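Asks: For reference, the sequence and a predicted model appear below.
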Amino acid sequence: MWFDDLRKECPFVRNMHGLHWLNEQLARHEDLVRSVLHTTDTYLLDRIAELRAEEAVMSRGVPDLVARQRTLLRRADELSPHYRLSVSVDEEGNTQVAIAPKDLRSAEVAPVVVTGKVVFSDDDPDSSSEQRRYEQAIAYGEDLELQGRYLRGFRIDAPPELGISGPLPLDALRLEAQREPLEPVLGAQLSVMGSLGEPVQSIPLFLRERTWGVGGTILRGADLTGLLSLRMQVNRADSTWGIELAMSDTQEYPTPSAALPVLRLIAAARSGAVLCLTIGPRAEACTFQATVAEDWMDDSFRIWSDLCEDLRFIQDSTNVHFPIPGEITAGDAAGVHQAARLLRGEAISIGIGPIALEVQPTAAQVLERFSTGPQRLVRARDLTLVLGSWAVDIGTCVEYCTITGASNLAEARRDIEAGRSSKLLLDLPDGEKVLRQLLKHAPDAWLPPALGRAPNSHL
């Protein structure tokens, strides 16, 4: 080896400790670096120039600020051969210094060690829940913040060039999980199984990251839309595992077609149902099964599933496509369902009589029409479905029913004779309802010849 040849030429060379060791020694003995790379006069002049620049007014504005920032960053990077320092200021004006290893061996060669005790007292009402959170974070690598009342005797031991070793008084301690992106992303399939073991509903999932602790690991992922997130916790000691599913609080809502598979799956996952999670390609797949908790009962997902089914049909029928409106609620389900039924050609009931009809003094003949026995009443209107900031033109609808008479005919006649408008109350036969239907689907027998079937016709 070249090192053996060097030892033959230079008898004083005995051992090779490597570049990390050399960098550490040079960081501890800056005088050696200066003696080799700089003269003393050069070093002092450089530092005096930097000091004067720090104390000077930033007359050039932003360019001076950028120059000083670069100098500080360069000096901070020279502090340690093992750790990189970055400085920031939080919203309250506190200075924060982040210490990160420069390479994978830094923590091995020159570790930063924090020691202390975490103590949970029976006198503290929050102690039990905080202890469970702490144990969970240590076991599986989750984020955690502990208040100072649980911390005792903390100190930090770090490489000397950092200058931070010693007692560590803490108001709080925050542990952040070491999140490892999964590359490539791990594909999975989540299914709700039927009584015969067949999938009733299923969706693809993508596991994108994992965290780990002393007791196990947590895998995290989501479906294509980002609506459904999955958290899978695996215990390393006994190979037990558990799955948690949650609807994400997203500001970017998908289209009804994209959201439907997720909503159908959750609606099918009733208490006692079996969930099956298959991870990896078919040839190497790992399958996990779990039973939905008995206390799980949320019919709202079935309502949302039906609402999105109707909304998808409406969009396909009208060729007006848009994401699920953020303002939509389960209370909008009835209106959306009625619009979908109309587009399917169905006749829907819009209520039971009596019907109020406004009659003007110039239309007195209308009163006589309803005094001669049962009459057909047909009226047309354009129907628009409004959801948040979106409006969908459903089309021209007709509303029709049979009228047996008017309950306040005598009173209405007196109003008309006195030159006043009157509200005529029209009665329907017992059990009969007012029906609404799209004009193009309405029965011919109910349509007056003047109305016809032109989509833009109005009465």
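Replies: Thanks, I have it.
Asks: What is the helix or strand where Val378 lies packed up against?
Replies: Remark: Val378 resides in strand 375-387, with elements defined by DSSP states H and E. Under the contact criterion of 3 or more C-beta pairs under 8 Å, 6 or more residues apart in numbering; DSSP states H and E, strand 375-387 touches helix 333-343, strand 390-403. (Glycine included, C-beta is placed from N, CA and C.)
Asks: strand partners of the helix or strand just after the longest one, parallel vs antiparallel please.
Replies: With elements assigned by DSSP H and E, the helix or strand that comes after strand 390-403 is strand 405-406. Strand 405-406 pairs in its sheet with strand 422-427 (antiparallel), by DSSP bridges.
Asks: Confirm that Ile99 lies within a helix, as I assumed.
Replies: No - counting by DSSP: H, G, I helix; E, B strand; the rest coil, Ile99 falls outside a helix, being strand.
Asks: ok now stretch 145-155, how far from the chain's centre?
Replies: Centroid separation between stretch 145-155 and its chain, computed with C-alpha atoms, centre = their mean, to the nearest Å, is 33 Å.
Asks: how far is the strand holding Val378 from where the chain is centred?
Replies: How far strand 375-387 lies from its chain's middle: 39 Å, per C-alpha atoms, centre = their mean.
Asks: Just the buried positions in it, please.
Replies: Within strand 375-387, the residues scored as buried using 16 or more other C-beta atoms under 10 Å are Leu377, Arg379, Ala380, Leu383, Leu385, Leu387.
Asks: I'd like the distance between the first one and Lys440.
Replies: By that I understand Leu377. When C-beta to C-beta, to the nearest Å is the yardstick, Leu377 and Lys440 sit 20 Å from each other.
Asks: of the buried residues of strand 375-387, closest to Pro169?
Replies: Sorting these by how near they are to Pro169, with C-beta to C-beta, puts Leu387 at the top with 55.7 Å.
Asks: which residues of the stretch 351-459 of the chain score low on pLDDT?
Replies: Along the stretch 351-459 of the chain, segments meeting pLDDT under 70 span 352-353, 445-459.
Asks: on that earlier part again, could you check the angle the strand holding Val378 makes with strand 390-403?
Replies: Computed by axes from the mean of the first three to the mean of the last three C-alpha atoms, to 10 degrees, the angle separating strand 375-387 from strand 390-403 equals 160 degrees.
Asks: Tell me which strands strand 375-387 pairs with, and in which orientation.
Replies: In the sheet, strand 375-387 lines up against strand 390-403 (antiparallel) (DSSP bridges).
Asks: relative orientation of the strand it pairs with and helix 333-343 in degrees?
Replies: Orientation note: strand 390-403 sits at an angle of 70 degrees relative to helix 333-343 (the same axes, to 10 degrees).
Asks: so how far is strand 390-403 off the chain centroid?
Replies: With C-alpha atoms, centre = their mean as the basis, the distance from the averaged C-alpha position of strand 390-403 to the chain average is 38 Å.
Asks: Only C-alpha atoms, please: export that strand in CSV.
Replies: Output of strand 390-403 as CSV, limited to C-alpha atoms (Å, rounded to 0.1, in the frame of the first residue of the first chain):
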residue,chain,number,x,y,z
TRP,A,390,-70.6,26.2,-8.6
ALA,A,391,-74.0,26.2,-10.4
VAL,A,392,-75.2,23.4,-12.7
ASP,A,393,-78.1,24.0,-15.1
ILE,A,394,-80.3,20.9,-14.7
GLY,A,395,-82.7,22.0,-17.5
THR,A,396,-86.4,23.0,-17.9
CYS,A,397,-88.7,21.1,-15.6
VAL,A,398,-92.5,20.8,-15.5
GLU,A,399,-94.5,20.5,-12.4
TYR,A,400,-98.0,18.9,-12.7
CYS,A,401,-100.9,17.8,-10.6
THR,A,402,-104.7,17.5,-10.6
ILE,A,403,-106.7,20.2,-8.8
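Asks: buried set for that strand?
Replies: Of the residues in strand 390-403, those with enough neighbours to count as buried (16+ other C-beta under 10 Å) are Val392, Ile394, Gly395, Thr396, Cys397, Val398, Glu399, Tyr400, Cys401, Ile403.
Asks: Excluding sequence neighbours, find me the nearest residue to the first one.
Replies: Just to be clear, that refers to Val392. In this structure, Val392 finds its nearest non-sequential neighbour in Leu385, 4.5 Å apart by C-beta to C-beta, 6 or more residues apart in numbering.
Asks: quick one: which of the helices and strands packed on strand 375-387 is nearest Ala98?
Replies: From the helices and strands packed on strand 375-387, taking C-beta to C-beta, the stretch that ends up closest is strand 390-403, at 45.1 Å.
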